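S.K.: here is my input; please provide its structure:
(4 chains)
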Protein chains: 2
Amino acid sequence: MSKQELRVLGQDGVAGCCPGLLTTPLAAEEAAELARVFKALGDPVRLQLLSMIASRAGGEVCVCDLTPAFELSQPTISHHLKLLREAGLIDGQRRGTWVYYRLVPETTDRLASILTRPGGDPLPGPEDRS
Amino acid sequence: MSKQELRVLGQDGVAGCCPGLLTTPLAAEEAAELARVFKALGDPVRLQLLSMIASRAGGEVCVCDLTPAFELSQPTISHHLKLLREAGLIDGQRRGTWVYYRLVPETTDRLASILTRPGGDPLPGPEDRS
DNA sequence: TACTTGTATCGAAGTTCCTCTATCTACCGT
DNA sequence: ACGGTAGATAGAGGAACTTCGATACAAGTA
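M.R.: Sure, this is the predicted structure:
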């Protein structure tokens, strides 16, 4: 179940570090790797799948619980799960007849830190609507 | 320049709040809105454009500086900038002959907070590679 | 072994996306 | 007003994506 999933992340620690995308011009190669992850998030069904998996109490969700939650065919859900897996956002494990997926928090952490401005919260000049 | 750009965000404050995607199952409608923004980030060229705009000192970049930075035609760059603008990630303004783009930090802030786990940084089992 | 259920893979059809060339609009000189 | 430059828009070709039905694989059960 874990072949050579996208290893985009991780290489400079786990979260809260790194160049950042908002501070440094971002090389073409990094951009290509990051784009693959963001592209995986660029679909409503996959966002919902990820959300359902991430917000589950035990940390794991059976595919058999995910498939009936959508009005889509079983192969379609399977395909979306595969894309999320290849993006390094989730990880799957077979136990008996069923397959369980869980969030890979390192990946979402990295995305969060990449989208976080160094300055922190104080927005420059917000509430003008001119 | 500012028609009715995606107003996905904002409705529950500016940043650091909200359900979160990793904590709540995320409704179909929210997923569709969010997916549009992530899809805008799902292209290497747009990521680089956003990065170049966000990391610029003055906070603004002239399109005339962005276009020659890629081996793509001028209309292609213009198209990518339009998608970033419609996603609410950047904002453009014409001054004389030139058009200047700047980051819309509210949007990246929202994405960052959406991808941030409630638990914070302590990853369950960090540096074990078992 | 055969049957049933859960999940993944395989084409195929329809749509969306990326890129281009050609053209148009906006602004600034002279 | 005319010509030149910056940027946006329009339309088209080709690649990539989403979805499906059909089928293959995996793991239990009779």
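S.K.: mind listing what the residue nearest the centre of chain A touches?
M.R.: Central residue of chain A (CA atoms, centre = their mean): residue A:89, 3.9 Å from the mean position. Contact partners of residue A:89, counting by CB atoms under 8 Å, 6 or more residues apart in numbering or on different chains, are A:37, A:40, A:41, A:50, A:103, A:104, A:107, A:108. Glycine gets a C-beta too; all of them are placed from N, C-alpha and C.
S.K.: can we see that at 7 Å?
M.R.: Listed by CB atoms under 7 Å, 6 or more residues apart in numbering or on different chains, the contact partners of residue A:89 are A:37, A:40, A:50, A:104, A:107, A:108.
S.K.: and if you look at residue A:23?
M.R.: A:118, B:55.
S.K.: please apply the same query to residue A:40.
M.R.: A:46, A:83, A:84, A:87, A:89.
S.K.: sec struct for it, please.
M.R.: helix (DSSP: H, G, I helix; E, B strand; the rest coil).
S.K.: number of nearby residues for the nearest residue to it once chain neighbours are set aside?
M.R.: The shortest distance from residue A:40 to any non-neighbouring residue, by CB to CB, 6 or more residues apart in numbering or on different chains, is to residue A:87 (3.6 Å). Using other CB atoms under 10 Å in any protein chain shown, residue A:87 has 21 neighbouring residues.
S.K.: what's residue A:87 sitting at in phi/psi?
M.R.: In terms of degrees, to the nearest 10, the main-chain angles of residue A:87 are phi -80, psi -10.
S.K.: contact partners for residue A:96?
M.R.: When the contact criterion is CB under 7 Å, 6+ apart, residue A:96 has no partners at all.
S.K.: which phi and psi does it have?
M.R.: Torsion angles, degrees, to the nearest 10, at residue A:96: phi 70, psi -130.
S.K.: tell me the mean pLDDT for stretch A:33-47?
M.R.: Averaging pLDDT along stretch A:33-47 yields 98.
S.K.: so it, near DNA strand D or not?
M.R.: Yes. With CB under 7 Å from any atom of the strand as the criterion, DNA strand D is reached by stretch A:33-47 at A:39, A:42, A:43, A:45, A:46.
S.K.: quick one: which helix or strand includes the fourth one?
M.R.: Following DSSP states H and E, the helix or strand that holds residue A:45 is helix A:44-54.
S.K.: just the residues contacting that helix, thanks.
M.R.: Contacts of helix A:44-54 (CB under 7 Å, 6+ apart): A:40-41, A:61, A:66, A:69-70, A:72, A:80-81, A:83-84, A:89-90, A:101-103, B:21-22, B:25-26, B:28, B:31-32, B:34-35.
S.K.: narrow the residues you listed to just the buried residues.
M.R.: Taking 16 or more other CB atoms under 10 Å in any protein chain shown as the criterion, what is buried in the contacts of helix A:44-54 is A:40-41, A:61, A:66, A:70, A:80-81, A:83-84, A:89-90, A:101-103, B:21-22, B:25-26, B:31, B:34-35.
S.K.: what does chain A put close to DNA strand D?
M.R.: So far as CB under 7 Å from any atom of the strand goes, chain A lies against DNA strand D at A:39, A:42-43, A:45-46, A:71-76, A:79-80, A:83, A:94, A:96-97.
S.K.: picking up where we left off before, so which of the contacts of helix A:44-54 belong to strands?
M.R.: In strands, defined here by DSSP state E, the members of the contacts of helix A:44-54 are A:61, A:90, A:101, A:102, A:103.
S.K.: helices of chain A, start to end?
M.R.: A:28-41, A:44-54, A:63-66, A:74-86, A:105-114 (DSSP state H).
S.K.: please see if the third one touches chain B.
M.R.: No. Under the criterion of CB under 7 Å from any CB of the partner chain, helix A:63-66 makes no contact with chain B; the nearest approach is 10.9 Å.
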